[in-house]
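>>> Whatever this is, show me its structure:
(one chain, ligands or ions: 1)
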Amino acid sequence: MLDKRKFYINGQWVDPIDGRDLDVIDPSTEEACAVISLGGKADSDAAVAAARAALPGFMETPPAERKALVEKILEVYTRRNDEMGEAISLEMGAPIDMAKTSQSGSGTWHIQNFLRAFDQIEFEAPLSEKAPEDRIIKEAVGVCALITPWNWPMNQVTLKVIPALLAGCTMVLKPSEIAPLSSLLFAEILDEAGVPPGVFNLVNGDGPGVGTDLSGHPDVDMVSFTGSTRAGIAISKNAAETLKHIHLELGGKGANIIFADADEKAVVRGARHCFNNTGQSCNAPTRMLVERSIYDQAVEIAAATAEKTRVGSAHEPGNHIGPAVSQVQFDKIQDLIQKGIDEGARLVAGGPGRPEGVNRGYFVRPTVFADVNNDMTIAREEIFGPVLSIIPFEDEADALRIANDTPYGLTNYVQSQDGAKRNRVARRLRSGMVEMNGKSRGRGSPFGGMKASGRGREGGVWGIEDFLEVKAVSGWSPDDA
Ligand SMILES: NC(=O)c1ccc[n+]([C@@H]2O[C@H](COP(=O)([O-])OP(=O)(O)OC[C@H]3O[C@@H](n4cnc5c(N)ncnc54)[C@H](O)[C@@H]3O)[C@@H](O)[C@H]2O)c1
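Numbers count the residues shown, from 1 in each chain. Now for the predicted structure:
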């Protein structure tokens, strides 16, 4: 069993001051694979103090120096990719091949994209050509608390740490206590890349402990959070006392609108996307809205896709899906599947319990419900498991009404060969992202949600600007440096 109890503070691996042990559970075996420490207030204070002390020096480094630092991080991260995949697979159950590619690779992708976007940011510029004495300066927001979930650990950590570094901020990362191993490895990578002491700090802990300490800490200027809507609200309230900048990436309940003129792979693609990462993605297309004339056929195809989706250990190679992350998550998924049945949805694939022949590990059966009504619990709540709900619609207006009838607004999807219809629907969907005909977002696109899915955008230029304050200076001397 790995002993991972130390924290990374001020460029050193240190023992917790106020820690208690927590086992990290391998979801494929239900056995403890590592022990970490959940820190207390003294640990949060030490990390914030280190970040505060490092801020004046780091925020004044020339932008080119920060870019060179992130280039070095990319180099080390790329070299250690397989180790990262192994850590993610062990802690949260992503199958090893997928963990080394999509999971770990999402970190590489974001670091590369931020480096490209960085060149578009003007840290200092005149307000306009006619106003050289008016200067607009962009500077670091300050000390940031970065709080992340377990489902795409390196995706979320790089979406926060990298732009914070590029902006000149210093930070304390509190990764999910369920999946902390990848972040501990990420701290090693930053250390190896030469991030100066105090600029990046990591303290493990849970929400009521370190999470709450950080979101209310008087010396923290900004909280960037990814996780549940419930925790996002708690963090916003706690941070309001000290008027922090708040960035929130929260849950989702994406609609995938499949029109009768969609391409023939649309249903298979949508079902697979829903089951990917065992359904544990905030942007999963979990509500499949299908035009009535192709509805019966779509239900059959989606059910067949679920039957063909292999479930297996995260330690086995191959393109199966792994277990759910934890007992809590397994139980929540089981409850919601039962609710779907109780509320009258038609179960056409999967269902309650583990897949046949499996009696250990948090494995869930890929499940499809047909004849779902948008008022049912399975259509309203984020399940975070491989459970697809299929809802019929009559026409474009009906599809839009159902798609937008949700508290969430993260990613919606549209499938149609009619370009004008696609564009029209995309404009009317209330979500931060709309992906159509299976085309994923381009490099440097902003990621984020409307309504209960969050505030702010991560990725690209937007993701870096989120960590910057804008300062307007008049009486500037344009002839001086
Ligand atoms: N929109 C996005 O970009 C995005 C991406 C991935 C996941 N998510 C969401 O994350 C959720 C799943 O992740 P989870 O179960 O780890 O979520 P969670 O909210 O339980 O935990 C997320 C993180 O917040 C911490 N936390 C929990 N309560 C806290 C509190 N009161 N104060 C401070 N910190 C607190 C946790 O320790 C963890 O580090 C899903 O709802 C999913 O949709 C959103």
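
>>> Helix, strand, or coil at the closest residue to His110 other than its chain neighbours?
Spatial nearest neighbour of His110, chain neighbours left out: Thr158 (4.2 Å); criterion: C-beta to C-beta, 6 or more residues apart in numbering. Every C-beta, even on glycine, is put in place using the N, C-alpha and C of the backbone. Following DSSP: H, G, I helix; E, B strand; the rest coil, the label given to Thr158 is helix.

>>> Isn't Thr158 up against Leu115?
No. Contact criterion C-beta atoms under 8 Å: Thr158 and Leu115 do not qualify, at 11.5 Å.

>>> Between those two, which is the more surrounded one?
Neighbours were counted for Thr158 and for Leu115 using other C-beta atoms under 10 Å; Thr158 has more, 26 against 16.

>>> Quick one: residues contacting the more buried one.
Ser106, Gly107, His110, Ile111, Phe114 (C-beta atoms under 8 Å, 6 or more residues apart in numbering).

>>> at 6 Å instead, please
Gly107, His110, Ile111 (C-beta atoms under 6 Å, 6 or more residues apart in numbering).

>>> Doesn't the second one lie inside a helix?
Yes. Note on His110: a helix contains this position according to three-state DSSP.

>>> Look up how far Ala51 lies from it.
22 Å (C-beta to C-beta, to the nearest Å).

>>> returning to what we had before: return the closest of the contacts of Thr158 with respect to Trp152.
Closest approach between the contacts of Thr158 and Trp152, by C-beta to C-beta: Gly107, at 9.4 Å.

>>> Would you tell me what helix or strand that closest one is located in?
helix 104-118 (DSSP states H and E).

>>> chain center to the helix or strand just after that helix: distance?
Sequence-wise, the next helix or strand downstream of helix 104-118 (DSSP H and E) is strand 124-126. Offset of strand 124-126 from its chain centre (C-alpha atoms, centre = their mean, to the nearest Å): 33 Å.

>>> Quick check: can you name the pairing partners of strand 124-126 and their directions?
Partners of strand 124-126 in the sheet, by DSSP bridges, are strand 135-140 (antiparallel).

>>> Alpha carbons of the strand it pairs with, as PDB, please.
Output of strand 135-140 as PDB, limited to C-alpha atoms (Å, rounded to 0.1, in the frame of the first residue of the first chain):
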ATOM      1  CA  ARG A 135      -2.900  52.100 -20.000                       C
ATOM      2  CA  ILE A 136      -4.700  48.800 -19.400                       C
ATOM      3  CA  ILE A 137      -2.700  46.400 -17.300                       C
ATOM      4  CA  LYS A 138      -3.700  42.800 -16.600                       C
ATOM      5  CA  GLU A 139      -2.300  41.400 -13.500                       C
ATOM      6  CA  ALA A 140      -2.600  38.200 -11.400                       C
END
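
>>> ok so, going back, take the contacts of Thr158 and lay them out in CSV including neighbour count and distance to the ligand.
Shown next, in CSV, are the contacts of Thr158 (neighbours: other C-beta atoms under 10 Å; distance: C-beta to the nearest ligand atom, whole Å):
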residue, neighbour count, distance to the ligand
Gly107, 29, 14
His110, 28, 12
Ile111, 21, 17
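
>>> Those residues of the stretch 101-250 of the chain touching the ligand, which are they?
147-152, 156, 174, 176-177, 206-207, 211-212, 215, 226-228, 231, 234-235, 249-250 (C-beta under 6 Å from any ligand atom).

>>> List the residues that contact the most centrally placed residue in the chain.
Centroid-nearest residue in the chain, with C-alpha atoms, centre = their mean: Gln156, separated by 4.4 Å. Taking C-beta under 6 Å, 6+ apart, we find Gln156 in contact with Thr148, Thr226.

>>> Try it again at 8 Å.
Gln156 touches Thr148, Pro149, Thr226, Glu249, counting by C-beta under 8 Å, 6+ apart.

>>> Out of those residues, which comes closest to Phe259?
Looking across the contacts of Gln156 and measuring by C-beta to C-beta, the closest to Phe259 is Glu249, at 29.2 Å.

>>> Direction included, what does the strand or helix carrying Leu388 pair up with?
Using DSSP H and E, Leu388 falls within strand 387-393. According to DSSP bridges, strand 387-393 forms sheet pairs with strand 287-291 (parallel), strand 367-370 (parallel).

>>> Please identify the helix or strand for Ile333.
helix 327-342.

>>> Tell me which residues of the helix or strand following that helix come out buried.
Past helix 327-342, further along toward the C-terminus, the next helix or strand under DSSP H and E is strand 346-349. For strand 346-349, burial by neighbour count (16 or more other C-beta atoms under 10 Å) applies to Leu347, Val348, Ala349.

>>> Can you lay out those as CSV showing pLDDT and distance to the ligand?
Shown next, in CSV, are the buried residues of strand 346-349 (pLDDT from 0 to 100; distance: C-beta to the nearest ligand atom, whole Å):
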residue, pLDDT, distance to the ligand
Leu347, 98, 24
Val348, 98, 25
Ala349, 98, 23
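
>>> from the residues you listed, which is closest to Thr377?
Of those, the one sitting nearest to Thr377 (C-beta to C-beta) turns out to be Leu347, at 14.4 Å.

>>> which residues does that closest one contact?
Contact analysis of Leu347 by C-beta under 8 Å, 6+ apart lists Gly340, Ile341, Thr367, Val368, Phe369.

>>> same thing but at 7 Å, please
Ile341, Phe369 (C-beta atoms under 7 Å, 6 or more residues apart in numbering).

>>> and it, what are its bridge partners?
Phe369.

>>> Let me see the residues that make contact with stretch 304-321.
28, 89, 93-97, 268, 271-272, 275, 278, 322-323, 349-350, 355, 361, 363, 366-368, 386.

>>> buried ones in it?
Ala304, Thr305, Ala306, Thr309, Val311, Gly312, Ser313, Ala314, His320, Ile321.

>>> Kindly check the end-to-end length of that stretch for me.
16 Å (C-alpha to C-alpha, to the nearest Å).

>>> Which residues outside stretch 53-64 are in contact with it?
In contact with stretch 53-64 (C-beta under 7 Å, 6+ apart) are residues Phe123, Glu139, Ala140, Gly142, Val143, Gly168, Thr170, Pro196, Pro197, Gly198, Val199.

>>> can you map out the helices along the stretch 301-450 of the chain?
327-342, 377-380, 396-404, 419-428 (DSSP state H, counting those that start in this stretch).

>>> Let me have these in TSV, extended by distance to the ligand, mean neighbour count and mean pLDDT.
Shown next, in TSV, are those (distance: least, C-beta to the nearest ligand atom, whole Å; neighbours: other C-beta atoms under 10 Å; pLDDT from 0 to 100):
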stretch	distance to the ligand	mean neighbour count	mean pLDDT
helix 327-342	7	17	98
helix 377-380	14	19	98
helix 396-404	18	18	98
helix 419-428	19	14	98
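
>>> right, and the ones you listed - which one's nearest Ser182?
When the helices of the stretch 301-450 of the chain are compared by C-beta to C-beta, helix 327-342 sits nearest Ser182, at 17.6 Å.

>>> Could you check the angle the closest one makes with strand 387-393?
30 degrees (axes from the mean of the first three to the mean of the last three C-alpha atoms, to 10 degrees).

>>> And helix 327-342, what does it pack against?
helix 377-380, strand 387-393 (3 or more C-beta pairs under 7 Å, 6 or more residues apart in numbering; DSSP states H and E).

>>> Serialize these to a markdown table and add fields for distance to Lys130.
Shown next, in a markdown table, are those (distance: least, C-beta to C-beta, whole Å):
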| stretch | distance to Lys130 |
| --- | --- |
| helix 377-380 | 53 |
| strand 387-393 | 53 |
